[in-house]
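**Student:** Predicted model follows, preceded by the sequence.
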Amino acid sequence: MMLSNPARKYRPFPPVRLASRQWPDRAIDRAPVWMSTDLRDGNQALFEPMDVERKMRMFRALCAIGFKEIEVGFPAASQTEFDFVRRLIEGGHIPPDVTIEVLTQARDEIIVRTLEALRGARRAIVHVYNATSPTFREVVFGMTQAEIVTLAATAVSRIRQLAETLPGAEIVLEYSPETFSATELAFAREVCDVVTATWEATPSNKVIINLPATVELATPNNYADQIEWMHRHLARRDSIVLSLHPHNDRGTGIAAAELGLMAGADRIEGCLFGNGERTGNVDLVTLALNLYTQGISPGLDFSDIDSVARTFEQCTGLPIHPRHPYAGDLVFTAFSGSHQDAIKKGFAAQRPDAPWTLPYLAIDPADIGRNYDSVIRVNSQSGKGGIAWLLQTRYGISMPRRMQVEFAREVQRETETSGEMSAEAIWQLFSRAYFDPRTPVVYIEHHLREQGNQQGIELTVDIDGQRRILAGQGNGPIDAAVHALRQAGIAVQVRSFEEQSISASLDGGEARACAFLELAGTDGGSGRYGAGIDENIVTASIRALVSGVNRLGEEARVTRIA
């Protein structure tokens, strides 16, 4: 049901008044610092949060991908969360180049419990937050701006004090003005400036200032304006790692993150495949591979995307949509005939040493561990190009163009009743249609002989169940075989002939030859193709001739000589 008066209930979010904004003219030229919050923000969004074993499996997967900062939990939230952090530290599971991160509210007892969980850690990020937007200040907490600033400063002071009691631990501060995207920019800057001053941030002791779109409220360009404004106006900017934490309430989290990087951000927080509260955190897989397609190394390893996806699904219990960018089961699949034809031509033209420019494929599936088997799949919407590509790449059969059109009609008839066809099913249909037709003529054997300047042949066939030995001569083996068939009352004309070698036979034996003949009856009419396969090219050609005769016979286009 449409709202009768949406303007009464929803008002547009006010734009940022930013003179001479720079981000529209910038391009991303390097990867950000990546921080995975799968084990915290992602975990708290699950129907059934991960147990310790699944969290450990996810942690190891994130390390293998290459994340150097991983938010591992909210230790004060539950004993399970606390115990997981302790297990990571005490069990020596944290790689030397990985920094764990923990979340805490700006409350003293929670800060104490959080720092207690980090005892024995080599290096850790303590991420403290408090909400700063008018609605949260006034409705949720009933606090003034001054009280919000004091709350943040007091929490930071307490973290700094407790960090000094952890011998050998390097504690990095991260602060988030939660609901930043709905906070007045001048006030957000004020709070962040107090935080960096309280911590005494320096270029060698940086504070992570994380600016979350806790709820995505406006178009992504507005978020970019907010980030650039903060980037320009924050005090001690050289002592800050400016971080983004975009959510996806409007479905534009990816765009907001990319524009935010153009606007001056250094770091991105998010989850694999966009997991997280409500509509999710920004999807780090898509962000990273978007960079990769622009020639920028993301520093994350998604060379086996299927393994990452299966681990995610098993740990979270969440499915990955088949159309999810890069990782979905169908994202490299074309059913449309025109798409398939363009992809087939693109593969034929793509040079190994040239930039990737394939139609409809922004990334080479092989780069993320996907094979080409799923790139083209065939159903009733498919065309000749996709069918031909599957036969060529899987079975080495490269059909002539008119034969592609002919066989595509047979595939379409099949798919209209059976649905999608696999490459194997298409091959079986091709074999039945071209290699196996045995009515009315069955090839038995042949013998060639020289007859002056011409080629002679003795062709043994069964015709309508009767064995016949036919003799003929012509300017080559095919022409001689055509003349031999006339003795049995079968007259055809050869319109085209192609042959090709297949590098290895389908049963793993020696290399084979394949021949294609386009035939028509002597009275003209539309042609039909025959195909033959054999170790010997002449035998393959004669088999193709017999195949074409039988296919023409099925259409009643063979002229019988009385």
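**Tutor:** Yep, it's here.

**Student:** Gly328 belongs to a helix?
**Tutor:** No: the assignment for Gly328 by DSSP: H, G, I helix; E, B strand; the rest coil gives coil, which leaves it out of any helix.

**Student:** That one: how many residues sit nearby?
**Tutor:** Gly328 has 16 neighbours, counted by other C-beta atoms under 10 Å. Where you see a C-beta, it was placed from the backbone N, CA and C, and this is true even at glycine.

**Student:** Model confidence score at it, please.
**Tutor:** Per-residue confidence at Gly328 stands at 88 (pLDDT).

**Student:** separation between it and Thr286?
**Tutor:** Between Gly328 and Thr286 the distance, using C-beta to C-beta, to the nearest Å, works out to 11 Å.

**Student:** what do you get for Thr183?
**Tutor:** Counting by C-beta to C-beta, the separation of Thr183 from Thr286 is 27 Å.

**Student:** need the contact list for His127.
**Tutor:** Applying C-beta atoms under 8 Å, 6 or more residues apart in numbering to His127 gives the contacts Glu71, Glu101, Val102, Leu103, Thr104, Glu174, Tyr175, Ser176, Ile208, Asn210.

**Student:** let's go with 10 Å and repeat that
**Tutor:** His127 makes contacts with 35, 37, 40, 71, 74, 101-104, 114, 159, 172-176, 208, 210, 243, 245, 269, as judged by C-beta atoms under 10 Å, 6 or more residues apart in numbering.

**Student:** pLDDT averaged over the one helix or strand it maps to, what's the number?
**Tutor:** Take DSSP states H and E as the rule and His127 turns out to sit in strand 123-131. Mean per-residue pLDDT for strand 123-131: 98.

**Student:** ok, back up a step: give me the buried subset of the contacts of His127.
**Tutor:** Buried residues within the contacts of His127, defined by neighbour count using 16 or more other C-beta atoms under 10 Å: 35, 37, 40, 71, 74, 101-104, 114, 159, 172-176, 208, 210, 243, 245, 269.

**Student:** rewinding a little: overlap in contacts of Gly328 and Thr286?
**Tutor:** Counting by C-beta under 10 Å, 6+ apart, the residues touching both Gly328 and Thr286 are Phe273.

**Student:** Okay, and which of the buried ones among the contacts of His127 map to strands?
**Tutor:** Applying DSSP state E to these, the entries found in strands are 35, 71, 101-104, 172-176, 208, 210, 243, 245, 269.

**Student:** sorry, back to before: what about Thr183 and Thr286, which has more around it?
**Tutor:** Comparing Thr183 with Thr286 by other C-beta under 10 Å, the one with more neighbours is Thr183, at 24 against 20.

**Student:** The more buried one touches Ser176, doesn't it?
**Tutor:** No: with contact taken as C-beta atoms under 10 Å, Thr183 and Ser176 are classed as non-touching, separated by 11.1 Å.

**Student:** hey, what's in contact with both of the two?
**Tutor:** The overlap between the contact sets of Thr183 and Ser176 (C-beta under 10 Å, 6+ apart) consists of Ala131, Thr132, Leu211, Thr214.

**Student:** Please identify which of those residues is nearest to Asn290.
**Tutor:** The shortest separation between Asn290 and any of the shared contacts of Thr183 and Ser176 is 20.5 Å, and it belongs to Leu211 (by C-beta to C-beta).

**Student:** residues contacting that closest one?
**Tutor:** Applying C-beta under 10 Å, 6+ apart, we find Leu211 in contact with 175-177, 180-181, 183, 188, 192, 223, 226-227, 230-231, 234, 242-246, 260, 265.

**Student:** sec struct for Pro15, please.
**Tutor:** Relying on three-state DSSP, one would call Pro15 coil.

**Student:** Secondary structure element for the residue nearest to it when sequence neighbours are not counted, which one?
**Tutor:** The shortest distance from Pro15 to any residue other than its chain neighbours is 6.0 Å, reached at Asn222 (C-beta to C-beta, 6 or more residues apart in numbering). Per DSSP H and E, Asn222 falls inside helix 220-233.

**Student:** can you give me how far that helix is from the chain middle?
**Tutor:** Mean C-alpha position of helix 220-233 versus that of the full chain (C-alpha atoms, centre = their mean, to the nearest Å) differs by 30 Å.

**Student:** what's around Leu284, how many residues?
**Tutor:** 30.

**Student:** Now do the strands in the stretch 351-500 of the chain.
**Tutor:** According to DSSP state E, counting those that start in this stretch, the stretch 351-500 of the chain carries its strands in the segments 441-451, 454-463, 466-474, 490-502.

**Student:** got the contact list for the nearest residue to Ala513 once chain neighbours are set aside?
**Tutor:** The shortest distance from Ala513 to any residue that is not its chain neighbour, by C-beta to C-beta, 6+ apart, is 4.1 Å, and that residue is Ile537. Residues counted as contacts of Ile537 (C-beta under 10 Å, 6+ apart) are Pro477, Glu499, Gln500, Ser501, Arg512, Ala513, Cys514, Ala515.

**Student:** Tell me the one of these nearest Arg57?
**Tutor:** Comparing the contacts of Ile537 against Arg57 with C-beta to C-beta places Arg512 closest, at 47.3 Å.

**Student:** count of residues packed around that closest one?
**Tutor:** If you count neighbours by other C-beta under 10 Å, Arg512 ends up with 20.

**Student:** now Ala169
**Tutor:** The burial metric for Ala169, expressed as a neighbour count using other C-beta under 10 Å, is 17.

**Student:** That one contacts Ile125, correct?
**Tutor:** No: between Ala169 and Ile125 there is no contact, the gap being 11.3 Å when judged by C-beta under 10 Å.

**Student:** Show me the common contact partners of the two, please.
**Tutor:** When contacts are counted by C-beta under 10 Å, 6+ apart, Ala169 and Ile125 have Leu118 as shared neighbours.

**Student:** Quick check: what element follows the helix or strand that contains Val241 along the chain?
**Tutor:** Here Val241 is covered by strand 240-246, with elements defined by DSSP H and E. Using DSSP H and E, the helix or strand that follows strand 240-246 towards the C-terminus is helix 253-262.

**Student:** okay, that next one in CSV with CA atoms only?
**Tutor:** Coordinates of each C-alpha in helix 253-262 appear next as CSV, following Å, rounded to 0.1, in the frame of the first residue of the first chain:
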residue,chain,number,x,y,z
GLY,A,253,26.7,0.9,1.2
ILE,A,254,29.2,-0.1,-1.5
ALA,A,255,28.9,3.2,-3.3
ALA,A,256,29.1,5.1,0.0
ALA,A,257,32.3,3.3,1.0
GLU,A,258,34.0,3.9,-2.4
LEU,A,259,33.0,7.6,-2.4
GLY,A,260,34.1,7.8,1.2
LEU,A,261,37.6,6.6,0.3
MET,A,262,37.7,9.2,-2.4
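
**Student:** Name the nearest residue to Gln22, ignoring sequence neighbours.
**Tutor:** The nearest residue in space to Gln22 (C-beta to C-beta, 6+ apart) is Glu228, at 6.5 Å.

**Student:** Any figure for the gap between that neighbour and Lys206?
**Tutor:** For Glu228, the distance to Lys206 equals 20 Å [C-beta to C-beta].

**Student:** Over to Glu406?
**Tutor:** When C-beta to C-beta is the yardstick, Glu406 and Lys206 sit 68 Å from each other.

**Student:** Look up phi and psi at Tyr360.
**Tutor:** phi 70, psi 0 (degrees, to the nearest 10).

**Student:** That one and Gly386 touch, don't they?
**Tutor:** No: using C-beta under 10 Å, Tyr360 makes no contact with Gly386, being 11.5 Å away.

**Student:** So between those two, which is more surrounded?
**Tutor:** Set side by side, Tyr360 and Gly386 give different neighbour counts by other C-beta under 10 Å, the larger being at Gly386 (30 against 14).

**Student:** Neighbours of the spatially closest residue to the more buried one that is not a sequence neighbour, how many?
**Tutor:** When the adjacent residues along the chain are set aside, Gly386 lies closest to Gln340, with 2.8 Å between them (C-beta to C-beta, 6+ apart). Using other C-beta under 10 Å as the criterion, Gln340 is surrounded by 28 other residues.
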